[in-house]
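Engineer: here is the input, now give the coordinates:
(one chain, ligands or ions: 2)
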Amino acid sequence: MDASKQFKNLGLSKEILSNLESLGYLEMTPIQEQGLPFVLGNRDFIGQANTGSGKTAAFGLGILAKLDVANPRPQALVLCPTRELAEQVCAEIRRLARFTNNIKVLTLAGGTEERHKIKSLKQGAHIIVGTPGRIKRLLEKKSFSVSNVKILVLDEADRLLEMGFLDDINDIAAFTPINRQTLLFSATFPHGIKTLSASIQEDAAQVTIDSQHQQNSIKQVFFDVTAESDKFDALLLILGHFKPESSIIFCNSRVICSKVTQMLKRRKIDALEIHSDLEQPDRTLVLTKFANKSCSILVATDLASRGLDIKDVGAVVNYDLPSDHELYIHRIGRTGRAGKVGLALSLFAGKEKAILDSIAEYLKITPQLMELRALNKKKPFVSQSSMSTIYISGGRKDNIRPGDILGALTGDAGLLGKDVGKIQILEVNSYVAIASAHVDQAIERLTTGKIKGRKFRVGRA
Ligand code: ADP
Ligand code: MG
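Structural biologist: Ligands and ions are numbered 1, 2, ... in the order given. Alright, predicted model coming up:
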């Protein structure tokens, strides 16, 4: 193993290092290797690297290394463009902090639990992760103070700007101490970033990780489907041929996204759609079901292509080619993560050929074209998920931990551990993946029994 890539050279605490090992973080990703020395050295910093390149730990470890746990007031503030991203960053920081005692990380990002959140804030929180709108409003109401903040992080800075948060960010920065450290992370680098940096950073070091680097681990195949109307049949063919264990199908609009999902469902293929028309709780549920294997196909607009840490996707399918090259890179970045070879399958019809040409030119690749005729048509694609998701009306606020739920499900005459999948504890509720054949048994057990000595509502999610 390359010594320069090892976390142990960074001077992090023993707890953090052994936790990283237990998480399977054996070596630093390029942005961590090149960024952490600046982050830990108190420099203002701009880091540009692909989605999935480990940017969260590049600032998360910096934050954890500098916390004064005895001081319960917020010392780090992380701004994210959406609530999902805030929740994901919060979850990753909690993972990184697992073996370090009593570090509190709180999200402040929309939703309805505000009174509860303000109570948690009063009890102390070391790290706040949230969206600019909500944070600014709470600061203006004096619901909490950021006068002890040592580190301000803008995560997904390109999207923060795109979503029009520039003024809010400047206002929030003005609430924090002038001698703070300011870190800015982004997958792409539009003009506005320089201006933003100039207004809130000082003498920032900058590191850019070449996205070409990641391309090599993704097999990209393109299919000329001739006409738009042939795309759906082509989709079924390529799914049947490649049989990805899980896939995200990207469409250019919500309308196409819904249409493709409906057509898949009509063929008894489990699929879920995600786009900006869904309310926040529905989006969370969709992502939960996809991550816990209750559904293996996600049909998405570009909402899902950036930032969201959707792991281990067997294939990314571009039902439509995105007209923006950067979007293409972000979409296919969902597959082939963490050393695996990914698969990106793109359909194009008619005038999309021009888009393919410009993507190929941008990526400096000769696109590999495959004939639909060459695909194996023998077996139609079937996809029925082996897991289903159940809902429990209790969560982190009830101090429920995964072990409590697992215990309640698997005790005497209960389910076997292997029939219980991913357990996700949210603020006020939880989701658990259960082998489909055992769902009724699981619901029955949790309904008649107790978790942490209490009754909760339980049902199919
Ligand atoms: P980004 O913010 O750049 O899109 P994330 O921070 O969400 O990327 O990280 C992507 C995934 O890689 C996460 O699942 C994270 O747990 C994992 N990861 C991060 N750093 C490492 C590492 N050094 N070794 C292995 N996995 C890592
Ligand atoms: Mg990120």
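Engineer: doesn't Pro74 fall inside a helix?
Structural biologist: No: counting by DSSP: H, G, I helix; E, B strand; the rest coil, Pro74 falls outside a helix, being coil.
Engineer: how many residues are close by it?
Structural biologist: By other CB atoms under 10 Å, the residues close to Pro74 number 23. All C-beta spots, glycine's among them, are computed from the backbone N, C-alpha and C.
Engineer: phi, psi for it please.
Structural biologist: phi -60, psi 130 (degrees, to the nearest 10).
Engineer: for it, give me the pLDDT.
Structural biologist: pLDDT recorded at Pro74 is 97.
Engineer: gap between the closest residue to it other than its chain neighbours and Gln262?
Structural biologist: Closest residue to Pro74 apart from its sequence neighbours, by CB to CB, 6 or more residues apart in numbering: Ile128 at 4.9 Å. For Ile128, the distance to Gln262 equals 40 Å [CB to CB, to the nearest Å].
Engineer: and the two? Which one has more around it.
Structural biologist: Neighbour count, other CB under 10 Å: between Ile128 and Gln262, Ile128 has more, with 26 against 12.
Engineer: and that one, what are its bridge partners?
Structural biologist: Beta-bridge partners for Ile128, by DSSP bridges, are Leu77, Leu106.
Engineer: residue contacts, the residue lying closest to Gly336 once chain neighbours are set aside?
Structural biologist: Spatially, and ignoring its direct neighbours in sequence, Gly336 is nearest to Gly342 (2.2 Å; CB to CB, 6+ apart). Gly342 makes contacts with 217-219, 313, 315-316, 332, 334-336, as judged by CB atoms under 8 Å, 6 or more residues apart in numbering.
Engineer: and Gly342, how far from ligand 1?
Structural biologist: 14 Å (CB to the nearest ligand atom, to the nearest Å).
Engineer: for that residue, grab phi and psi.
Structural biologist: phi -90, psi 170.
Engineer: same question for Gly130.
Structural biologist: Phi and psi for Gly130, reported as degrees, to the nearest 10, are phi -160, psi -180.
Engineer: with adjacent residues omitted, what lies nearest to it?
Structural biologist: Once flanking residues are discounted, Gly130 sits nearest to Leu108: 3.6 Å by CB to CB, 6+ apart.
Engineer: burial of the one you found, as a residue count?
Structural biologist: Around Leu108 there are 28 residues (other CB under 10 Å).
Engineer: wait, isn't Leu77 in contact with Thr131?
Structural biologist: No: if you go by CB atoms under 8 Å, Leu77 and Thr131 don't touch, sitting 11.7 Å apart.
Engineer: neighbour count for those two, which is higher?
Structural biologist: Leu77 (25 against 22).
Engineer: tell me the contacts of the more buried one?
Structural biologist: 127-128, 130, 135, 146, 149, 151-153, 172, 176.
Engineer: flag every residue of the stretch 51-200 of the chain that's near ligand 1.
Structural biologist: Proximity of the stretch 51-200 of the chain to ligand 1, by CB under 6 Å from any ligand atom, involves residues 51-57, 92.
Engineer: and the buried ones among the residues you listed, selectable in PyMOL?
Structural biologist: Burial among those is assessed by 16 or more other CB atoms under 10 Å; the matching PyMOL selection reads:
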select buried, resi 51+52+53+54+55+56+57+92
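Engineer: which of the residues of the stretch 51-200 of the chain next to ligand 1 sits closest to Gly240?
Structural biologist: Checking those against Gly240 with CB to CB, the nearest one is Gly52 at 27.4 Å.
Engineer: so what pLDDT did that closest one get?
Structural biologist: 80.
Engineer: for Ser346, grab phi and psi.
Structural biologist: phi -120, psi 130.
Engineer: quick check: bridge partners of it?
Structural biologist: When bridges are called by DSSP bridges, Ser346 pairs up with Phe222, Asn318.
Engineer: hmm, it is touching Pro322, no?
Structural biologist: No: here Ser346 lies out of contact with Pro322, judged by CB under 8 Å, at a distance of 9.6 Å.
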